[in-house]
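> Sharing a sequence plus its predicted fold:
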Amino acid sequence: MAGQVSASETMITNLSDFENLVIEKKLKRFLISLSVTSAGKIKGSAAGRIVTGDWDWIDGFFCRTLIWGARELKYNCQLVTFDGKRLRFTSDRGKGQSASFALR
């Protein structure tokens, strides 16, 4: 479903809407637990490795750098959608692969 938004999802294009959804919460999926802080940091773990990064909100997209263990993932701006339960991040400004996270 790369690059598509389903009818049950709302695009999150506003920084304050995004922060209201994620700040002080955990983003969870199988073997992954992440926090996105109001100070522009990402921290957590994935598959037993530490995850760190930085993020910013640019032109309606979640833009981040990420280090997973010893591996640096390339800078990417992602479309964020929400279906009432899960946040979905779709890479390459909504044109790439996506990953969904439950909010806890």
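Happy to help now that I have it. Numbering: from 1, shown residues only.
> Tell me which stretches of this protein form strands.
Secondary structure of the chain (DSSP state E): strands located at 10-12, 27-29, 32-36, 41-46, 49-58, 61-68, 71-82, 86-90, 98-103.
> Next one: the spatially most central residue of the chain from Ala70, what distance?
The residue lying closest to the centre of the chain (C-alpha atoms, centre = their mean) is Phe89, at 5.0 Å. Distance of Phe89 to Ala70, computed by C-beta to C-beta, to the nearest Å: 22 Å. The C-beta positions use only the backbone N, C-alpha and C, and glycine is treated the same way.
> picking that back up, give me the spatial nearest neighbour of the residue nearest to the centre of the chain, chain neighbours excluded.
Gln78 (4.5 Å; C-beta to C-beta, 6 or more residues apart in numbering).
> surely that neighbour meets Asp59?
No: counting by C-beta atoms under 8 Å, Gln78 does not reach Asp59; the two are 11.9 Å apart.
> Pick out whichever of the two has more residues nearby.
More crowded of Gln78 and Asp59, by other C-beta atoms under 10 Å: Gln78, with 21 against 8.
> pretty sure Gly53 contacts Leu66?
Yes: with contact defined as C-beta under 8 Å, Gly53 reaches Leu66; the gap is 3.9 Å.
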